[in-house]
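1. Quick one, structure for this:
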Amino acid sequence: MAPLYSPAAQLLQTWNVSPPPFAGGDTTTVLPSTFFDLIFMHFHPVQRVFFYDFPHSSHHFISSELPSLKHSLSLTLSRFYPLAGRLLMRAGGKPELVFSAGDSVTVTIAVSSDDFHELSSDHAREMSRFHPLLPKLIEKEVLAIQVTIFPNSGICIGTTMHHGVGDGATYSHFMKTWSAVHRFGELAGFSMVLPPFFDRSEVKDDRGLERLFMDELEEFKGGDGLDKWDLHGCNDVVLVTFVFGRERMEKMKKKTLSNCSVYALACGYMWSCLVKARRETSKKTVYFGFVTGCRARIEPALPTNYFGNCLGICCVEAKRTEVVKEKRLAAAEAIWEVIKGLEEGVMDGADKWVRNVYKYASERAMTVAGSPKLGVYDVEFGWGKPKKVEIVSIERTGAVSLTESRDGEGGIEAGLALPRHEMEEFVTCFFNGFMEEIGGI
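-> Here you go, the predicted model:
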């Protein structure tokens, strides 16, 4: 393949990495989509970048690390083989994830001339600088990987995954398995993590959601859909990381009336700042959306290592005047009320999930990508813990990305992508105005 060039990256080579041949010879495996998968079938792919310090030359990485990285990926795909398959949309039927012997994951290797340390920092960085670090999905692929070398500085592993085949728990399970196999070898690495659980028959559809969601996805196809969230291609979009340390979270918690979780506090604070920054005073009602893990909450419960999507859609609506109040964390408390209600029945209102997604897109609601529970900073290939992890696809989904804190002290990192002028307003709200009203934290 001929090298491609951009102002910041040079693509060196592309490989197709397959799982080792199965003992039984040629096989085809079909995983039918569940109603949980259908919710996300039309979402933009989820794109993450993992930055690792690696103060060595490109030649050193290519000769000493890259062969093992490809081999460990192949071994990992022996367990996660559907990720090497193709997502097929059957005419008149539901999508199916189909793996046949010889299917593969596309892996590219590139060298970047950009500033590794600046890209992996917290301050405002142009979203366009992340695009050369991420691969595109082609020919019905569901996963693609790019490894980018920053000579004598670091390594970036960029992944693009179709949201219709798996959620954050499935993705992090795959990445933790791959990094463990690369770091410790096949036997030791596999012994550290459970194999994926593929049995889709365990997902019960007593409410007829599969047929409903397929009809609704067909209904929404061709309209504005999710595009009102999409900032890709807009001028001057920047990504900023906001850090909620444990001490800051404790101070915020004392200001609430209902002992909110740290998740609700971080989400509510970001939501409030965004509503204030947009200055859309004509809006009477504002919206916030997040997902909740359903594996342990449905009947029968699914194992933690279930492969696929298993998320419920949660919706929060509040008066704009309440969300922007400066002496109470009303936004966090509104989110916390919805979270508490999940214990009574996570599937209540499930028939509205797809419609609510499109409604919230039309309102440009803030949503959430990722979760502090996924433990993405535990994805360690042997070069030390990631220096930084970003969800770049929040540029297209109107989401704030959440991860656990890098320092392991119980805090939360929140990433946000906005046009620069809007981000400047947001930063002012975050650091100066609203902060001072809750005690100068």
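2. what's the domain layout of the protein?
-> According to automatic domain parsing, the chain comprises the domains 9-202, 224-437.
3. for the protein, what helix or strand is lowest in average pLDDT?
-> helix 434-437 (a mean of 52; mean pLDDT, DSSP states H and E).
4. what about the chain, any weak spots by pLDDT?
-> Along the chain, segments meeting pLDDT under 70 span 1-8, 23-26, 222-224, 257-258, 326-328, 433-441.
5. List just the one of the domains of the chain that sits closest to Glu210.
-> Judged by C-beta to C-beta, the one of the domains of the chain that comes nearest to Glu210 is domain 9-202, at 4.4 Å. Placement of C-beta: from N, CA and C, glycine included.
6. Quick check: end-to-end length of the closest one?
-> Domain 9-202 has an end-to-end distance of 44 Å (criterion: C-alpha to C-alpha, to the nearest Å).
7. mind listing what the nearest residue to Ser72 once chain neighbours are set aside touches?
-> Of all residues not flanking Ser72 in the chain, His182 sits nearest, at 3.7 Å (C-beta to C-beta, 6 or more residues apart in numbering). By C-beta atoms under 8 Å, 6 or more residues apart in numbering, the contact set of His182 is 68-69, 72-73, 189, 381-382.
8. same thing with Thr29?
-> Contacts here follow C-beta under 8 Å, 6+ apart; on that basis Thr29 touches 81-82, 85, 98-100.
9. Could you pick out the buried ones from those residues?
-> Among those, those classed as buried by 16 or more other C-beta atoms under 10 Å are 81-82, 85, 98-99.
10. of those residues, closest to Gly268?
-> Using C-beta to C-beta, these come closest to Gly268 at Pro82, 36.6 Å.
11. shouldn't that closest one be in contact with Phe307?
-> Yes - at 6.9 Å, Pro82 counts as touching Phe307 under the criterion of C-beta atoms under 8 Å.
12. what about the spatially closest residue to Val323 that is not a sequence neighbour, which helix or strand?
-> Distances taken as C-beta to C-beta, 6+ apart place Ala331 nearest to Val323, at 4.6 Å, with adjacent residues excluded. Per DSSP states H and E: Ala331 is located in helix 330-341.
13. Which secondary structure elements does that helix sit against?
-> Using 3 or more C-beta pairs under 8 Å, 6 or more residues apart in numbering; DSSP states H and E, the elements in contact with helix 330-341 are helix 262-278, strand 285-293, strand 311-319, helix 320-323.
14. Next, the angle strand 285-293 makes with that helix.
-> 40 degrees (axes from the mean of the first three to the mean of the last three C-alpha atoms, to 10 degrees).
15. what's helix 330-341 in contact with?
-> Applying C-beta under 8 Å, 6+ apart, the external contacts of helix 330-341 come out as 252, 256-258, 260-261, 263-265, 267-269, 271-272, 275, 288, 290, 292, 314-316, 318, 322-323, 348.
16. Select only the buried ones of these in PyMOL?
-> Provided next is the PyMOL selection string for whichever of these are buried by 16+ other C-beta under 10 Å:
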select buried, resi 252+256+260+261+263+264+265+267+268+269+271+272+275+288+290+292+314+315+316+318+323
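17. show me what contacts Leu209?
-> Neighbouring residues of Leu209 by C-beta under 8 Å, 6+ apart: 35, 350-351, 353.
18. Same check on Leu212?
-> Contacts of Leu212 (C-beta under 8 Å, 6+ apart): 35, 351, 354.
19. what's the closest non-adjacent residue to the first one?
-> What sits nearest to Phe35 in space, not counting adjacent residues and going by C-beta to C-beta, 6+ apart, is Leu209, at 3.9 Å.
20. Can you tell me how far the one you found is from His42?
-> 16 Å (C-beta to C-beta, to the nearest Å).
21. sorry, back to before: next, the buried residues of the helix holding Ala331.
-> In helix 330-341, counting by 16+ other C-beta under 10 Å, buried: 330-336, 338-339.
22. got it, and stretch 168-185?
-> 168-183.
23. angle of the helix or strand harbouring the residue nearest to Ser72 against strand 285-293?
-> Using DSSP H and E, His182 sits within helix 168-184. Angle, helix 168-184 to strand 285-293, by the same axes, to 10 degrees: 50 degrees.
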